[in-house]
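Student: Kindly return the folded structure for what I paste below:
(2 chains)
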Amino acid sequence: MSKNSRVPLRLLRFKRFMFTLLGNRMALTGFILLILFSGLALSAPFLTPYHPQGTVVSATFDPPTWLTYFTGSAGWSRNIAFSGVAVNESSGTSVTVTALRSDGADFTATTGGRNGTVTIYETLNYPYDGTPKRFVGNVLVTAPFANTTNSVEGRVEFYRYSAGIVTKNCTYAPFPSGIHNSLPTAPTTGIDSQDQNLVTECQFANTGLNPAQIIFDSPGQYVFALVLSLPATPTTQSISIENFHLVLYGNTWGLLGTDSNGFDVFTQLAYGARLSLLVGLIATGIGIGVGLLVGLLAGYLGKLVDEVLMRFTDMLLVIPSLPLLIVLVAVLGSSIWNIILVLGFLGWMGFARIIRAQVLSLRERPFIEAAKASGAGTGHILTRHIFANIVSLTYVNLALSVPSAIVGEAALSFLGLGDPTVVTWGRMLQLAYGAGATTGNLTWWWVIPPGFAIALISLAFILLGYGLDTIFNPRLRRRM
Amino acid sequence: MVLFVIVINFLIFELLPGTSGAIANLVSTGKITNHATVNALLIKDGFCSGFTAQGQCIPTNVWDQFTSYFRNMLTFQFGVSYQPPNQSIFDEMISSGRLLNTLMLLGASTALSLVIGIFLGVYAAAKRGSLFDSGWVTASLVTFSLPTFFMGLLFILIFTQTLHWFPSGGVVPSNWTIPGQTPSLIGQIIPRLQHLFLPVFTLTLFFYGGHLLLTRATMLESLSEDYIVTARAKGLSERAVLFKHALKNASLPIVTNAALSFGFILSGAIITETIFNWNGLGFWLFQSINFKDYPVMQAMFYIIALCVIAANFIADVIYGVLDPRIKYQ
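Tutor: Predicted structure coming up:
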């Protein structure tokens, strides 16, 4: 047979195999679930732009936003940002503004006049019924002309408009000693509602309330202003203002809410799918490889080799696997590759026994005798004749033992032995548990998604495994 | 078999670079500052046979290390823990009640899961194909496939945080450690049961499924036997037929499975104890992970492995007792 005619035959076989596989209801369900999870894992960077454990997307412990569609909008808010920068001058100052960036957050203001104030402000129409949980802003002011005697003073003010009346809600001076000629160390000022200085200066100190909730207490028009008081000299002053913005973190966020650090739970779930699949597949691959080797050798060579290998297998089978895993990972160190290796090298025993049993029956068949008679060596018989007859078993076991590897990794992570640098589903559960199981801060949107993900991906592989089993094992196949 | 466990345990802890590193780590992180304690630990762990006048370690060879370790394991002298430093592991295990707590948890959940699993399995088999049957089979498959740590977290979420029915963890209320706050023995019963409920519930829910499915399968086989027809024809009540005739004959694999599943229960107990802060052996293993307390881990691993081997042995013995046809040479 030439090479060209073989390819369509393989394709045809593959097509027929897939057709049988997808005709099996269990295998089909497993296959669909698996594709969903693989899709989630592969497209994680496209699905969410955030880093799983580095981007603070909202306030801490925010429930998912879709909750508001069930409960009504009362009391709920979402993230919203101030926008539309405008500049105002007063008392003998005239300002020329040059934008550095198109969104208006970075610009230089060249002022004519002295001893005046320049006010830079953003407006916001706050639409939500609930108050924000936290606000976080930033501004970087550079005044190259300023020095210790002629410094620029800066303060942040919050206003609200209600029925034509302007109320000042809070004044806060975040630049402790003015803005000096400060390049290259320009003062960057973070404005955070959790900042205790802000709480004190806005006189909310003993209310026990969150400034974000007092300042933005109802829907309406708000203004966030940076007021710069200019020094007497020089007459023309150029001030660069960068990154001027304020974001209000609402009390709901996204698809699956946020965790105790304000990180996105959905991002963690998506990136966790990658690692769980990786751990499951590689560890099972190692396990299947070792199991095949041990099973083939023990079954085919028999005698002393069989005796030694099988006694060793039995002993490893009896030792409870979780404590052994814990002890090994604790001693070896918990990097993700250590975990994969340990899971792999402890997951081959059952498979080796199955393979051995199969090989024991195969090696007595006439075709092996025929191969021996025609002068085939042990290696040739093992790889060409025996292996070809146990490949189907390998697929079935591959599918069936992935769940135990995934659950094993999750259990290790849950016990604090997971790799601290990566996010897996087990680690998500551990973090959720650590953040509040005893203090009553356990949040369902942080616990249920990874838990169900582990259960569902296990289910997917088990269904696929049973489906493959019915296809490969003719005795289990139903008569048409 | 026991020998194999001992050797594996030795290989993991003594030959992998963990233990000596752990002591160095304890010193560098300031958990132990007393030089004499460090030296005592080094001698007790068998790294040094003594110290020179300059404080240099005189290292022991591997064989001496192994023989001293071997003696310790056989006599249950596990040495001392790193955290708290120099405390006898054996004393901590027995006198602080850790062993008792674990046995209490395991005993209660094993008994409950067996009773529930067998009972439901018998009736599921008797009503084969009914809604009762398929419902319980599905339910047990679901609980069987949910990881224990997830189930535990769910129960804390539901029963502790939302319904406030049970405490989230601990063996006894935390204020009992204050002198004078511990109630009388009778007054202790209800709070103790409350604390016991969630861990036992979690473990039971995790394990009844396996018993149910096995009981159902073996019952289906024995219910199709001729002696069941005879028993029914005699006019025996349905309960007598099911439990006295069918279950008795189907009990062999169930009993063996119960003994064999002990190992899995122990593994599940490590996680369950951790979730509910249940002060037992599994929780100790978890705590020792954080402190890199290798002697404790070594001892816990040894004890858990011994329990499993013992359970396997008991299963073999029971097999012979239940079925007189099986003879051991």
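Student: Of all the residues in stretch A:317-325, which ones are buried?
Tutor: For stretch A:317-325, the buried set under the neighbour-count rule, 16 or more other Cβ atoms under 10 Å in any protein chain shown, comprises A:318-325. Where C-beta positions appear, they are placed from N, C-alpha and C, glycine not excepted.
Student: now swap in stretch A:386-405 and tell me
Tutor: Neighbour-count burial for stretch A:386-405 [16+ other Cβ under 10 Å]: A:386-387, A:390, A:393-405.
Student: Is it correct that B:Asn257 is in contact with B:Gly210?
Tutor: Yes: B:Asn257 lies in contact with B:Gly210 (Cβ atoms under 8 Å); the separation is 7.2 Å.
Student: what's the burial count for the residue nearest to B:Leu281 when sequence neighbours are not counted?
Tutor: Excluding its sequence neighbours, the residue lying closest to B:Leu281 (Cβ to Cβ, 6 or more residues apart in numbering or on different chains) is B:Thr102, at 4.5 Å. When neighbours are defined as other Cβ atoms under 10 Å in any protein chain shown, B:Thr102 has 25 of them.
Student: Could you point out the helix or strand that follows whichever strand or helix holds A:Lys15?
Tutor: Here A:Lys15, judged by DSSP states H and E, is contained in helix A:3-23. Next helix or strand after helix A:3-23 toward the C-terminus (DSSP H and E): helix A:25-42.
Student: For that following helix, which outside residues touch it?
Tutor: Contact partners of helix A:25-42, identified using Cβ atoms under 8 Å, 6 or more residues apart in numbering or on different chains, comprise A:21-22, A:47, A:269-270, A:273-274, A:277, A:399, A:453, A:456-457, A:459-468, A:470-471.
Student: Could you tell me the average pLDDT over that helix, please?
Tutor: In this model, helix A:25-42 has an average pLDDT of 88.
Student: that older thread, can you give me phi and psi for the residue nearest to B:Leu281?
Tutor: With angles defined as degrees, to the nearest 10, B:Thr102 sits at phi -60, psi -40.
Student: now B:Gly209
Tutor: phi -60, psi -50.
Student: And it, how close does it get to B:Val255?
Tutor: Plainly put, B:Gly209 is 18 Å away from B:Val255 if you go by Cβ to Cβ, to the nearest Å.
Student: Now, the contacts of helix A:25-42 that are in helices?
Tutor: A:21-22, A:47, A:269-270, A:273-274, A:277, A:399, A:453, A:456-457, A:459-468, A:470-471 (DSSP state H).
Student: partner residues bridging A:Glu122?
Tutor: Beta bridges link A:Glu122 to A:Phe224, judged by DSSP bridges.
Student: so where's the chain uncertain?
Tutor: Picked chain A for this. A:1-9, A:91-92, A:104, A:113-114, A:175-188, A:204-208, A:437-438, A:473-480 (pLDDT under 70).
Student: should've been chain B
Tutor: In chain B, residues with pLDDT under 70: B:13-62, B:83-86, B:174-182, B:326-329.
Student: Not counting residues beside it along the chain, what's closest to the residue nearest the centre of it?
Tutor: In chain B, the C-alpha nearest the mean C-alpha coordinate belongs to B:Leu266, at 2.3 Å (Cα atoms, centre = their mean). Nearest non-adjacent residue to B:Leu266, counting by Cβ to Cβ, 6+ apart: B:Ile304, 5.3 Å away.
Student: Which residue ranges of the stretch 301-450 of chain A form strands?
Tutor: Counting by DSSP state E, counting those that start in this stretch, the stretch 301-450 of chain A has no strands at all.
Student: What's the separation between the residue of the stretch 201-329 of chain B found nearest chain A and A:Ser276?
Tutor: Closest to chain A within the stretch 201-329 of chain B is B:Ser267: 3.7 Å, counting by Cβ to the nearest Cβ. Look at B:Ser267 and A:Ser276: by Cβ to Cβ, they are 20 Å apart.
Student: same question, A:Tyr433
Tutor: 18 Å.
Student: who's in contact with stretch A:209-225?
Tutor: Contacts for stretch A:209-225 (Cβ under 8 Å, 6+ apart): A:82, A:119-129, A:131-135, A:137, A:156-162, A:169-170, A:193-194, A:198-199, A:202, A:204, A:207, A:246, A:248-249.
Student: what about 6 Å?
Tutor: For stretch A:209-225, the external contacting residues (Cβ atoms under 6 Å, 6 or more residues apart in numbering or on different chains) are A:82, A:119, A:121-127, A:131-132, A:134-135, A:157-162, A:169-170, A:193, A:199, A:202, A:204, A:246.
Student: These in helices, which ones?
Tutor: A:Val199.
Student: ok, of the contacts of stretch A:209-225, which come out buried?
Tutor: Listed as buried from these are A:82, A:119, A:121-124, A:126, A:131-132, A:134-135, A:157-160, A:169-170, A:193, A:199, A:202, A:204, A:246; burial here means 16+ other Cβ under 10 Å.
Student: Alpha carbons of stretch B:238-250, in PDB - could you do that?
Tutor: Taking Å, rounded to 0.1, in the frame of the first residue of the first chain, the C-alpha atoms of stretch B:238-250 are listed here in PDB:
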ATOM      1  CA  GLU B 238     -40.900  -8.800  52.800                       C
ATOM      2  CA  ARG B 239     -38.500  -7.400  55.400                       C
ATOM      3  CA  ALA B 240     -37.500 -10.900  56.500                       C
ATOM      4  CA  VAL B 241     -36.900 -11.900  52.900                       C
ATOM      5  CA  LEU B 242     -34.800  -8.800  52.200                       C
ATOM      6  CA  PHE B 243     -32.700  -8.600  55.400                       C
ATOM      7  CA  LYS B 244     -32.500 -12.200  56.600                       C
ATOM      8  CA  HIS B 245     -32.200 -14.100  53.300                       C
ATOM      9  CA  ALA B 246     -31.000 -11.700  50.600                       C
ATOM     10  CA  LEU B 247     -28.800  -9.300  52.600                       C
ATOM     11  CA  LYS B 248     -27.100 -12.000  54.600                       C
ATOM     12  CA  ASN B 249     -26.000 -13.800  51.500                       C
ATOM     13  CA  ALA B 250     -24.900 -10.500  49.900                       C
END
